[in-house]
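Q: quick one, fold the following:
(chains A and B)
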Amino acid sequence: MTVAVATNPATVYQHNKLITCILPRGLGPSIIEALGTDCGITSANVVNGRGVSERKKFFAEEVDILMVVVNQSRADEVFEYLCERAEVSTAGGRFMYQQELNGATSFILPDIQPEDSTAQE
Amino acid sequence: MKTRELVVLTDVMLITCVVQRGVADAIIKAAREAGAQGATVSFGKGMGVRERLGVLGVAVNVEKEVINIVVSTEQVDRVFEKMYLAGNLDTPGMGIMFTTKLEKAATFVPQDVLRRLADQGQAIPAKDGR
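A: Predicted structure coming up:
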């Protein structure tokens, strides 16, 4: 079965990767900020969840799930950056993975007029 | 310059399972018994053509739990089957699950485990020296 996708091909970007990090609760927002300042990545999501693992057998831990979509060309660099910044391979209770995406759209912020120019109107 | 090693796991798959709220714990228990090392659960709200009607017209909870489990490709079929059975996913309205291929994953791997894998010849150094 083939389904025609009625999306403007110019807005759908291919060769993107999704990097997901599972981090202790509270780390997510600070890492989003760091991604912006250090890597120039301005769009990332954090959702809350609970994690169960062999580390803590009888309790669920509160976790942040951080998701970032990056272009293939930068994926390995960002993966390594996140791994280091979030201490994924050195501290316990953290996990991250990367997967290929079929297509993705970019997140563009709207143009907002500076506050003083709107005040003059 | 200090060089650091990044340990990356390959041949891993992600199992995602969406079920009614409250059912996740039983499914995770089955997955862990089948060999899964951990699981993450987040909440969500489900919508569909028949979101409020399950089997025999019994109301289905629209609040959902999304379970994410990463397992090796060797284990994936076994864990998937056990989760399917534990969640009674063959019953209409119980939920949905799927697997996705992952390129790589990273986590804390203790030194002794790394050494054991290297002895077994399972730890392969990355081509670019990472």
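
Q: host element of the spatially most central residue of chain B?
A: Centroid check for chain B by CA atoms, centre = their mean gives B:Ile69 as the closest residue, at 1.5 Å. For B:Ile69, the host element (DSSP states H and E) is strand B:63-72.

Q: same thing with B:Thr16?
A: Using DSSP H and E, B:Thr16 sits in strand B:12-20.

Q: ditto for B:Arg4
A: B:Arg4 belongs to no helix or strand when elements are defined using DSSP H and E.

Q: next one: the strand holding B:Thr16 to chain centre, how far?
A: Computed by CA atoms, centre = their mean, to the nearest Å, the separation of strand B:12-20 from the middle of its chain amounts to 5 Å.

Q: stretch B:78-91 too?
A: Stretch B:78-91 sits 13 Å away from the centroid of its parent chain (CA atoms, centre = their mean).

Q: so which bits of it are buried?
A: For stretch B:78-91, a neighbour-count test (16 or more other CB atoms under 10 Å in any protein chain shown) marks B:Val79, B:Phe80, B:Lys82, B:Met83, B:Tyr84, B:Ala86, B:Gly87, B:Leu89 as buried. All C-beta spots, glycine's among them, are computed from the backbone N, C-alpha and C.

Q: across the sheet, point out what pairs with the closest residue to the last one other than its chain neighbours.
A: Same thing as B:Leu89. Closest residue to B:Leu89 apart from its sequence neighbours, by CB to CB, 6 or more residues apart in numbering or on different chains: B:Gly95 at 5.5 Å. On the basis of DSSP bridges, B:Gly95 is bridged to B:Val19.

Q: isn't B:Gly95 up against B:Thr16?
A: No: if you go by CB atoms under 8 Å, B:Gly95 and B:Thr16 don't touch, sitting 10.6 Å apart.

Q: where are the low-confidence patches of chain B?
A: B:1-3, B:48-60, B:123-130 (pLDDT under 70).

Q: all helices for chain A, in order.
A: Per DSSP state H, chain A carries helices over the ranges A:27-34, A:72-85, A:115-120.

Q: out of the ones you listed, nearest to chain B?
A: helix A:72-85 (5.2 Å; CB to the nearest CB).

Q: which positions in chain B make contact with chain A?
A: Along chain B, the residues adjacent to chain A under the rule CB under 8 Å from any CB of the partner chain are B:4, B:6-7, B:12, B:14, B:28, B:32, B:37-43, B:68, B:70, B:100-109, B:130.

Q: now the strands for chain A?
A: Listed in chain order, the strands of chain A (DSSP state E) span A:12-13, A:16-24, A:44-53, A:61-71, A:95-101, A:104-105.

Q: show me which residues of the fifth one are buried.
A: So the one you mean is strand A:95-101. If you call a residue buried by 16+ other CB under 10 Å, then strand A:95-101 has these buried ones: A:Phe95, A:Met96, A:Tyr97, A:Gln98, A:Gln99.

Q: tell me how many other residues crowd A:Leu82.
A: 26 (other CB atoms under 10 Å in any protein chain shown).

Q: which strand residues bridge the nearest residue to it once chain neighbours are set aside?
A: Once flanking residues are discounted, A:Leu82 sits nearest to A:Cys21: 5.8 Å by CB to CB, 6+ apart. Note on A:Cys21: beta-bridge partners by DSSP bridges are A:Leu66, A:Met96.
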